[in-house]
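**Q** quick one: sequence and predicted model below, then my questions.
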Amino acid sequence: MAAIGLLTACVYAAPAQGIPAAQGKFTLSNEVRWQGTVLPAGDYSFSMESASLPAEILLRGPNGAQFVMPAGRSEDRSAQQSSLTIVHRGELGYVREMYLAPLGVHFTFSAPKVPKDQLLAQGPETTERVLISAAGK
């Protein structure tokens, strides 16, 4: 009887396993680096099964699908809209943060390694916010 009860519980729980914790869409106007991955300008969608670290974010875009993994995570239930924070320095742009409002979570990402002499030659740092259309459970 216990085995039948366990089997029944597993069958009814199975459909919930495929529901992502978050998903959404955004558009990049320029090429950027994101955790070692170079993303060309274009339309992207993403999904993640869990917002807990290590959170795997599956990106789908012009070059197919790839995973990115956040370096850090913090919670913040501010009134902000979901967005990507992109840092630009000269020709180099990279994703520093992703905020998902439905989850109230900020994910941080590592900056690409650039030698100091090249960094100084690239000039001052600017940031850009790219809005995300996101949903989460």
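**A** Okay, I see it.
**Q** which residue ranges form the strands in this structure?
**A** Taking DSSP state E to define them, one finds strands in the chain at 22-28, 32-34, 37-39, 42-48, 57-61, 64-68, 72-75, 83-89, 92-100, 105-108, 126-131, 133-136.
**Q** which parts of the first one are buried?
**A** In other words, strand 22-28. Buried positions in strand 22-28, judged by neighbour count with 16 or more other CB atoms under 10 Å: Ala22, Gln23, Gly24, Phe26, Leu28. Bear in mind the C-beta positions are built from the backbone N, C-alpha and C, glycine included.
**Q** so what touches it?
**A** The set of residues external to strand 22-28 that reach it, using CB atoms under 8 Å, 6 or more residues apart in numbering, is 39-48, 51, 61, 82, 84, 100, 102-103, 130-137.
**Q** ok, now the third one?
**A** For strand 37-39, the surrounding residues in contact (CB under 8 Å, 6+ apart) are Leu28, Glu31, Val32, Arg33, Leu59, Gly61, Asn63, Gln66, Val68.
**Q** returning to that earlier point: and the buried residues of strand 22-28, which is closest to Leu92?
**A** Leu92 lies nearest to Leu28 out of the buried residues of strand 22-28, by CB to CB, at 14.1 Å.
**Q** and that closest one, how far from Val130?
**A** Counting by CB to CB, to the nearest Å, the gap from Leu28 to Val130 is 7 Å.
**Q** which single one of the buried residues of strand 22-28 is nearest to Arg73?
**A** Relative to Arg73, the closest of the buried residues of strand 22-28 is Ala22; by CB to CB it sits at 12.4 Å.
**Q** give the bridge partners for that closest one, please.
**A** Applying DSSP bridges to Ala22 gives these bridge partners: Met48, Gly136.
**Q** from the chain's centre, how far out does stretch 82-99 sit?
**A** The chain centre lies 11 Å from the centre of stretch 82-99; the measure is CA atoms, centre = their mean, to the nearest Å.
**Q** next, the buried residues of that stretch.
**A** 82-89, 92-99.
**Q** do you know the pLDDT at Gln122?
**A** Gln122 is assigned 60 on the pLDDT scale.
**Q** now Ser83: how far from Glu56?
**A** Ser83 sits 20 Å away from Glu56, taking CB to CB as the criterion.
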